[in-house]
Every structure is written in structure tokens, then in C-alpha cells.
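Chemist: My questions concern the predicted model and sequence given below.
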Amino acid sequence: MLRFTLNRLLSLGLSLIAASVVIFFAIEIIPGDPARLMLGINATQDAVDALRTQMGLDQGVLVRYWLWVSGLVQGDFGISYTYRVPVSEMVQGRIWVSLPLALYALVLSTLIAFPVGIIAAAKRGSWADWLVMGGTQLGVAIPNFWFAMLMVSLLAIKYRLFSAGGFSGWDDPLLAMRSLTLPAFVLALPQASILARVMRSALLDTLSEDFMRTARAKGRTRRGALVHHALRNAMIPVLTIIGLQFSFLLAGAIIIEKVFFLPGLGSMIFTAITQRDLIVVESVVMLLVFAVILVTFLVDITYALVDPRLRRRA
Amino acid sequence: MKAAFKMPGFVAGFIMAFVFVAAALLSFVWSPYAVDGVDIVNKLHPPDMTNWFGTDHLGRDIFSMIMVGARTSIAVAIVAVGIGVLLGVPLGLAAAARKGTLLDEVIMRGNDLIFAFPALLIAILITAVFGASALNAIIAIGIFNIPVFARLVRGGALSLWTRDFILAARVAGKGRVRISFEHILPNLTNLLIVQGTIQFSLGILAEAALSYVGLGAQPPIPSWGRMLADSQTMISFAPHLALFPGAAIVLTVLGLNLMGDALRDLFDPKLRRDRQ
Amino acid sequence: MKRILTGASVLALLATGAMAANTSITIGDQLEPPHLDPTAGAAGAIDNVTYANIYEGLTRFASDGSVIPGLAKSWEISEDGLGYTFTLQSGVKFHDGSDMTASDVVWSLNRARAEDSTNAQKGLFASIESVEALDDTTVQVTLSAPNGSFLFNMAWGDASILNEGDDVEALKSKPNGTGAFVFSNWVQGDSITLVRNEDYWGTPAILESATIKYISDPTAAFNAVMAGDVDAFPTFPAPENLPQFDADPRFTVIVGSTEGETILSTNNKMPPFDNPKVREALAHAIDRNAIIDGAMFGYGTPIGTHFAPHNPAYVDLTAQSAYDPDMARALLAEAGFADGFTTTLKLPPPSYARRGGEIIAAQLREVGIQTEVTNLEWGQWLEEVFKGKDFGLTIVSHTEPMDIGIYANPDYYFQYDSAAFQALMEDLNAATDPAARTALMQQAQQMISDDYVNGYLFQLAKTGVANADIRGLWENAPTQAADLTAVYWAD
């Protein structure tokens, strides 16, 4: 187990380094001068050059890479070109929107998907199953931004049940949750559809296994067998999907954040890309990639702990 | 293949997808109106006999735009899948053929690395940086298709490498490359068809998302995603602008998903056993 | 059920409205500023927060565009037009408590015109020879040559007076000015909050606090106004929604003019646009009214030259570039392009450019000109079009007031190089007599229309939406600003 863990840690480290190289050098070739953008159309070339020196943009590429990486390791994500504040401060502010949103959406998605998926598997072939299959197919096919548009038109503008967007901070927790509800719901629906189908097919696979028949033979009720044996075994692919969904929700909410004008990580990166605020883009993409690699690492370790067969790299 | 048409899910999906593919192909020779002109005087008409789906804010016929937009979505999605297949399949075959070696490790690591990047974000970055266009959208989406096919093919190929007929070929002296292409690949076509269909539908959604934020095909080329973006401020008094492009996306994706699911069920050995 | 729901929510809206709104306001704006120092960056978004609210200059723009006293309560101009003696207001304090004296003015102006200054409008200070403090409330500015627009220039946000010795880097996130509002808080990506300056030297603001909320997406802006999340949106980005707001008694639509000449910029040095006949053909191929109707839903005034129609010196030259596709085709044939040609049309983000661009592309196609349309973000636009001059056509709105002078700069991105025009501008800069200035301005307008330098489309309208109970918001935008000093809620 130790060897496996060390092996995985090495993997983690290598992946992070590779990712940092890819990110930094890819972003370096982006056209567009941040200094010119800040000063505007009528600024003189002298003014632009002066600002470039101020921002440290005139140093060599490798030097800047090293400075960036060594900074990252110490938790220093650099200073934003456009806002002149530490990127870590900006991220801190934004993550209190994106993280709760992602978790909220994940919870909603799971709450919807589990019962739906279980019922569909338990009543395979019945009208309930068909309804679920049809519904999830629809849920997966609907683009989430279109769904958002429709929801806002209906629930926020026409019926005023929710605000049209925006987020005013956690000082008023109830209001904050309300601001996140519509976006979380819009994000959750397609995810729930995917999760429900995975749950259903994982359960079906497990239900047809021999050990299930043994469990029934031993006297377990249908429901008991389902919960105690099938569900547990089905959880492995389900948990994998949940893990993947979490990373997706963290960064993939970029369009939803735009539609609901939420000040989250996604909209911050979007603005940074258009403003050519390279430091923010690099550091936050690195952060998101790190989150994904970390989650994968933790999932791998957990599985290996639970199922020794997985300790050999398949 | 005939067996597929006996499955109701497949048929329903096929019809839905076919409608849009046909519309896309037809649009090359005919559409009710041209989509590159503007007719401000006739802007924002609701659906009626002259404009079956109404007109948009610049007076263009929405039915025609949906037809031509189908071209954009389908073309982008198919070529992106093509990239994934052309580059991902050989990588997967190579990794499986040389399992456990450095090549395998490098390919698998590369896959994992690409998977670790948030796809939509990177696609936005690529198109924002290198210019918004259908071509860049194809590349951005295509990149993320490569590891999908590589991983799929590697997994499928690995289980085939242990089979007897492959061992026989090895004994007969055939090289790994020949074996991969002559024996392994043909047996993976079912997997590829199913995954290809799924990636196709995902590609349509991705193209719509990129166009929605303005980073896909540029005007005057119509695109369903961009039509949705344009329609937003006018939803309250011209809902038809948002309804038709949205429905087009949903139906095409739904159709492809139904087809993919049906094919997967068709090719699934376990279900085959049950059927026999 | 529906009626109960609507009724209940209206009640709730009214209740919150009545209780909270009277002394504070939430304003919506599209573009968040990169920082808050108007003297170190040209983003108009900075001035939208700071102009007249946080920072002030020697002179100031009133809502009708006239130049009125600011921190300088009066001035005298010497006979030769080179010496300006400003008498400053007394008892002025910066927000951090320190006094504003002549030495702050000297420091601010010298900093702006220094060699290494990052002031985006350095040209405004170019004619200054020296600045001297005669005593605590008197400043003497000596020019190197007479400049008829000097007082006008000092009213710009880039000429704001800062506190001598302040850490300029810190000012970017914590401004320290003399205005009627004090900076309170900035939640990056979300909003900026200002509170009333209780020690203001002049007439205090009526509002106790103001929050500026940043919403870049036009749909989100519409939703925010409808849902009451913002009280006013002075530059509302979606003109298609204005009729709805107009019809709704809860809102007023405030329509005025801006200094934004929206033009189809043409690269005068890129063939075939170096041929004046081709540019003339371009002018006749464009139907301004269709563009105003389609892209701006009717808001905007057609212009025939690069000058604001509300300016008394304006000359209406729209007939010289009237919509006439047949003439356009004839001119193109004369110039040797009977079969048309292909060129690039690069568009920045604003919807007047994107929508206008689609319409123009279609109109040009009618006369045989094919365009490759590319949508760019501001960063790319600045890089490719403005700096790199790598474009055939582009659409942009020039919002600086009285900026016809850009046509005298042959290196400016559309690269118009006319010695006659350059001489005309020199004369204009030297002239101080109003009648002479008007005559020269009219000549300048005629010249750039005769040469068909650019396609002159329309003057951008300022279209704002506000809660019907708000008073005092500016109708026009003579400069980039969101002056809140005289805004209040009517009872």
C-alpha cells in the first residue's frame, strides 16, 4: 500500500509540473499587450513601455516561469495585471461563490439522481423506468445556458420568485443561498441526468451478478439485497462520476456564472482572458488543474484502500 | 445494422438526427430565404406563413438560419470527432501494443493530463486567444476528444491482446503494428461507433456553448448557439427567437444520444447473451 | 394563484423600496475599471466612478458639456494667451484630511506631463511650459504656445488633482480625492461603494451612499433592472428593451447624446482604400438609417463627418454620403473594381459594432464588396487594429469630446495623411477667438467629408434606464462620467 501511495504521489507531482509547463508556455504565446489594454487607445508608446517595466513584463520567459512556479509553491499566485492586487486575494473572494455553488449543485444533483436511478433500476422495464430514461435523456440534451435563460425568464422576471442573478456576499446567508439556488438547479439538472443513468446501469450490472442471487437465496428481501449489496458495489462508478462532476462544476460553471452574473472563479477567468490578465489566467487554471489531479489522487487512494485488486495499475 | 432499426429507441433517435442532417445537406442547395442579407424593415416577425419560424432582429428568416446553422453544428462536431479518432485511436493502439513500456506510460499520462484540464475553459481560452472561428472551435473540441478515444481503444485493445487468435498471429511472426491494424482495430469498430455517436452529440453541445459566448463560427455564418445568445435580450417580447435554436440543439443531441444508447445495447455482449 | 404571487411580490418590492431607497442608490455599469486612478489609465470605466464623484480638476464639465469652474474658482488669461492664473477654492480638503493647496496642483500637473508619466492623455498637457504656485491658493500655468482648448482640456478626468506625496500605486485601489463622495469599498468583479463626503468644500451630495454594480452582459443588465437589483443603469447596453421600460410606469428612459462618433474606420493606407473613389463608393454603399434602426433600435443621430451634432459648430454633411448603391457600384467600376473586392471587417465587443457590422457586411455585399468579419475582444482589437493597423474596415465609437484632431495624426490607426488638414488643426489649436474657432472647425469637418476618410455612421446616443423616482442623472455624456453629485430620490 505504501509503495502504491508513493507511486501515486510521484505521479501527482509529475502531473503538476507537466501541467504548469503546458499552462505557462501556452499562455505566453497569447497575443495582446496587457499594458496597452490598460492605458487605452490614445496612450503614447512611452506610457505603455513605462507600464510594461512596472509590471515586470520585460523580463525573459524562463525567468518569469521560474518566478511564477516558485511563487505558486509558496502560495503566492502573483499580482493581477489589471487589478494590481494579489491573485490569491481575488481567488479567496471568488472561491466563496464557486465552491458553495459547486457543492450545492452536487448535492442537488445527488438528491435527484439517487432515488431516480434506484427506482429505475429496481423497476426495470416498467413505465417508471421508461419515464426516467426519457427524462434523463432530455436532461442531458438540454444545453444548460438555454435552460438558464428559460428559468430566468419564467421564475425571476415573470414570477419574481428569485432574483435574476448577482450575489451580495455571505453576510446574509439566507439571501446568499437564495441567489445560488437557481444557478445550482440549472447546473444540477444535466448532471443529475447523467448520474441517474450511471446509477441505474451500475445497479443493473450489480443486480445481475451471481452474488446477488446468493444474497436472495440467503433470505434477503429484494429491497434489502438492493441496499446492502447492490448499492454498495454500484457506488464505485457512481463515486467516480461524482468526483468528475465536482471538478467540472468548479470550472464548468463559467457560462452559468455569466448568465446569472455571479462573481465566481469562472467569470473571473473569463474577464481575465479578455483583459489579457495572464497572471490570473495561469494561476487559476493551475489551481483548477491541481484540484482535479488532487481529487483523482484521493479517489485512487481510497479505492486502493477499499479494494486491493486495484493496487496494481490496470 | 438491420437489427438496429428494429429497436424503437434507435429509430426515434435516427429520425430526429436525420431531420437535421438532411436539413444541413439541403441547405447547400436550397433554403426558403438567404441568410446573409439583412432586412431591417421586416425584423422580429413572429412565426407566420411567410416566415415559418419568424424573423430575427435583423429581419433574417429563422427557418433558413436553423437549416444553415445545422451545417455549422454538424460540421464542427463531426470534424472534432474525426480529430479525436484519427489521433486518439493510433495512440490507444500503440499504448495497448506496448503495454507497460515508457510509450504506454507517456500516452496514459498525457491522457490524464488533458483530462485534468477543464475542457470548456480551455476551449474558451483557445478560441479567445487564437481568434473565434469554426476552425478553432473544431480544434479546441477535437483536442479533448483525443484522450477519450485513446483511453477507449487502449482498454478495448488490451482485452483483445490476451485472446488466442492474437497470440496465434504473434507466433506467426506478425508485427505489433500489423496486428493492431489488421486484427485489433476491426474488432473495436462497435466500441468506436458507440463512442463516436456520443462524442458527436457532445460536440454539438460544445459547439453551441462556444458559439453562445461568441467564440464559435462568426457572422454571417449562422450558428445555433449564437442565435440563442442574440435572442436573450428579446425573449420577453420575441420568444420564438430563443425557442427554435434551443429546440434544434435539444432534438439533435437527443436523437444522437438515443441512437448511441440503442447501439450500445445492441453491441453489449451481456445483453446479447440475454437476448439469445 | 398567479395574481396572488404577483401582488405579494409587488407589495414586497414596494415595501423594500420605500424603506431602503431614499438615501442610497445602486447604479449599474457594464465595464468594471481596472483600477481607480483616472490619471494613470484611459479606461472610461475609471472616470465613470471617479469623475466629479471622487476626483476633481481645475475645471469641470457640466451636464450640458460646458466648461465650468472646478477646484479653480476663477482664472485670468494673459494678453498673449500664454499665461493662465488660477485662483483656487479655499478650504478644500482631500478625503484623508489633508488640505488641498496650490502645491498639489503643481505636483499633479507636473506628474501628468512628466517624461515617464503613464497618463493616457499626455497630449492634454503638451502645451504646458511650466506650472508654479504663487501662493497657497494661486497657481500660474505658462503655455509654450496659445491653446484655445486649454481650459477644456483641464476639465478631463485625466487632469484630476491629486494629493502631493500620496503613494500613487496605493491610489489605484484606494483613491484619495477632493470630491463629494469618498471611496468606501471595492468588491472585485462585483461592485464599488461610495459614501458621502461630509467635509466637502462645495454643495454636498444629497445621497448618503452609492453602489456601482458591474454587469457586463446585456441580458443580465436587463434582468437586473427588471428585478430591481439595480435602481438605474445610465448607459443601458440593450436598446431593444427600452420600449418595454418606457411602457412600464416603474421606470423612466433617459435618452441623450454622447461625444461618441461611431464610424466605419477605413484603413486609408491599405489598398484599395488608398483610392479616394473606393472610399467614396463605400460611403454611398452604407444606409445609415438601416444601421441605426437595426443595431441601435432607432437610438442615435446620423452624422456626415467626425463631429457631434449637438455641438453648435456642427455641419450636416450627411447628404454628401447619402445611401446610393447604384452610385457606389458605378464608382467602384470607375476605380477598376467592377467585380468588387474582398477585405477584412474587424469588430470590437460593443453591440453597436457587432450588430452594425453584420448589417454593413450585408450592405457592402450588395455592391460587390465581400468582407471577412472577425469579432475581436478589446485586447485583440487594440493589438491588431489599433496598434498593428492590420485591418481593412472596423467599427468603433470615439467617445472623447472634440477629437476631430485625431485626423491630423498620420500614424493614427486609420492613417489619414493630409498636409492640408494638419495645417488646419495647427491653426485651430492656436486660435482663441470663438468665431474663428467655429469657422476652422467647420472647414475641418468639410475636409474630412470631402476626402471620405471614414464612413461616418451615427452619434452614439446615451440611453439610460432608471427607477421613475430618481432625479438628477445626466441626460448627456459630454465626457465619460456618472456624476452622482446632484442625484436624489424624489418622494
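Modeler: In hand now; what should we look at? Numbering: from 1, shown residues only, chains lettered A, B, ... in the order given.

Chemist: Show me the shaky parts of the stretch 1-150 of chain B.
Modeler: In the predicted model of the stretch 1-150 of chain B, residues B:1 satisfy pLDDT under 70.

Chemist: What sits closest to the closest residue to chain A within it if chain neighbours are left out?
Modeler: Chain A sits closest to B:Pro118 of the stretch 1-150 of chain B, with a gap of 3.3 Å, by C-beta to the nearest C-beta. All C-beta spots, glycine's among them, are computed from the backbone N, C-alpha and C. Among residues not flanking B:Pro118 along the chain, A:Ala251 sits closest, at 3.3 Å (C-beta to C-beta, 6 or more residues apart in numbering or on different chains).

Chemist: Can you mark which positions in the strand or helix carrying that neighbour are buried?
Modeler: Per DSSP states H and E, A:Ala251 falls inside helix A:232-252. The neighbour-count check on helix A:232-252 (16 or more other C-beta atoms under 10 Å in any protein chain shown) flags A:233-236, A:238, A:241-252 as buried.

Chemist: Could you check how far the residue of the stretch 1-150 of chain B closest to chain A is from chain C?
Modeler: For B:Pro118, the distance to chain C (C-beta to the nearest C-beta, to the nearest Å) stands at 19 Å.

Chemist: mind listing what that residue touches?
Modeler: Residues in contact with B:Pro118 (C-beta atoms under 8 Å, 6 or more residues apart in numbering or on different chains) are A:Ser247, A:Phe248, A:Leu250, A:Ala251, A:Gly252, A:Val285, A:Leu288, A:Val289, A:Val292.

Chemist: Is the nearest residue to A:Ser267 once chain neighbours are set aside in a helix, a strand, or coil?
Modeler: Counting by C-beta to C-beta, 6+ apart, A:Ser267 lies nearest to A:Glu257, which is 4.3 Å off, once chain neighbours are set aside. Of the three states, A:Glu257 takes helix under DSSP: H, G, I helix; E, B strand; the rest coil.

Chemist: just the one 4 residues further on next, same as before
Modeler: Three-state secondary structure (criterion: three-state DSSP) places A:Phe261 in coil.

Chemist: Tell me how many other residues crowd it.
Modeler: 26 (other C-beta atoms under 10 Å in any protein chain shown).

Chemist: isn't it right up against C:Phe222?
Modeler: No - using C-beta atoms under 8 Å, A:Phe261 makes no contact with C:Phe222, being 11.3 Å away.

Chemist: Can you name the residue of chain A nearest chain B?
Modeler: In chain A, the residue that lies nearest chain B is A:Ala251 (3.3 Å; C-beta to the nearest C-beta).

Chemist: Touching, that residue and B:Leu121? I think so.
Modeler: Yes - between A:Ala251 and B:Leu121 there is a contact under C-beta under 8 Å: 5.0 Å.

Chemist: Got the confidence number for the residue of chain A closest to chain B?
Modeler: What the model reports as pLDDT for A:Ala251 is 75.

Chemist: Could you count how many residues lie near the nearest residue to A:Leu239 once chain neighbours are set aside?
Modeler: The shortest distance from A:Leu239 to any non-neighbouring residue, by C-beta to C-beta, 6+ apart, is to A:Val299 (7.2 Å). Residues near A:Val299, counting by other C-beta under 10 Å, number 16.

Chemist: In which helix or strand does A:Val299 reside?
Modeler: A:Val299 is part of helix A:278-306, with elements assigned from DSSP H and E.

Chemist: And the pLDDT for the residue nearest to B:Met16 when sequence neighbours are not counted?
Modeler: Distances taken as C-beta to C-beta, 6+ apart put B:Gly255 closest to B:Met16, at 2.9 Å, once the chain neighbours are dropped. Listed pLDDT for B:Gly255 reads 93.

Chemist: Ok, C:Tyr416 next?
Modeler: 91.

Chemist: wouldn't it be in contact with C:Asp451 here?
Modeler: Yes - between C:Tyr416 and C:Asp451 there is a contact at 7.2 Å, judged by C-beta under 8 Å.

Chemist: Please enumerate the helices of the chain.
Modeler: Chain wasn't specified; assuming chain A. A:2-28, A:34-39, A:45-55, A:61-73, A:87-122, A:127-141, A:144-151, A:173-207, A:210-217, A:222-225, A:232-252, A:254-259, A:265-274, A:278-306 (DSSP state H).

Chemist: Chain B, not that one
Modeler: With DSSP H as the criterion, chain B has helices at B:8-26, B:62-97, B:102-116, B:119-130, B:134-161, B:164-171, B:176-179, B:185-187, B:189-212, B:224-231, B:240-267, B:269-275.

Chemist: In this structure A:Thr82 contacts C:Pro34, no?
Modeler: Yes - using C-beta under 8 Å, A:Thr82 is in contact with C:Pro34, at 4.2 Å.

Chemist: For chain B, which residues are neighbours of chain C?
Modeler: Chain B comes close to chain C at residues B:36-38, B:40, B:43, B:57-59, B:128, B:131-133, B:214, B:218-220, B:232-234, B:236-237, as judged by C-beta under 8 Å from any C-beta of the partner chain.

Chemist: What subset of those residues is buried?
Modeler: Of these, these count as buried by 16+ other C-beta under 10 Å: B:37-38, B:40, B:43, B:57-59, B:128, B:131-133, B:214, B:218-220, B:232-234.

Chemist: Quick check, central residue of chain B?
Modeler: Centroid-nearest residue in chain B: B:Phe200, 1.9 Å away (criterion: C-alpha atoms, centre = their mean).

Chemist: Next up, the contacts around it.
Modeler: Contacts of B:Phe200 (C-beta under 8 Å, 6+ apart): B:Ala77, B:Ile78, B:Val81, B:Leu256.

Chemist: separation between the residue of the stretch 1-150 of chain B closest to chain A and B:Phe130?
Modeler: B:Pro118 sits at a distance of 18 Å from B:Phe130 (criterion: C-beta to C-beta, to the nearest Å).

Chemist: Same question for B:Asn257.
Modeler: 30 Å.

Chemist: more crowded one of the two?
Modeler: Regarding B:Asn257 and B:Phe130, a neighbour count based on other C-beta under 10 Å identifies B:Asn257 as having more, with 24 against 16.

Chemist: thinking again about what came up before, which one's more surrounded, C:Tyr416 and C:Asp451?
Modeler: More crowded of C:Tyr416 and C:Asp451, by other C-beta under 10 Å: C:Tyr416, with 22 against 17.

Chemist: Leaving out the residues flanking it, which one is nearest to C:Glu384?
Modeler: Nearest to C:Glu384 is C:Asp390, by C-beta to C-beta, 6+ apart, at 5.1 Å.

Chemist: how about stretch C:462-472: buried residues?
Modeler: C:Lys462, C:Thr463, C:Gly464, C:Val465, C:Ala466, C:Asn467, C:Ile470, C:Gly472.

Chemist: what's the first-to-last distance across that stretch?
Modeler: Stretch C:462-472 stretches 15 Å from its first residue to its last (C-alpha to C-alpha, to the nearest Å).

Chemist: can you list contacts of that stretch?
Modeler: Contacts of stretch C:462-472 (C-beta under 8 Å, 6+ apart): C:21, C:25, C:206, C:225, C:231-236, C:239, C:241-242, C:245, C:249-258, C:299, C:473-477, C:484, C:486-491.

Chemist: Identify the intersection of these with the contact set of chain B.
Modeler: Okay, of the contacts of stretch C:462-472 touching chain B (C-beta under 8 Å from any C-beta), that's C:Asn241.

Chemist: Mind checking which of the contacts of stretch C:462-472 are in strands?
Modeler: Among the contacts of stretch C:462-472, DSSP state E puts C:25, C:232-233, C:251-258, C:488-489 in strands.

Chemist: So which of those residues wins on neighbours?
Modeler: Going by other C-beta under 10 Å, C:Phe233 tops the ones in strands among the contacts of stretch C:462-472 with 26 neighbours.

Chemist: Could you check how far that residue is from chain A?
Modeler: From C:Phe233 across to chain A, the span is 13 Å (C-beta to the nearest C-beta).
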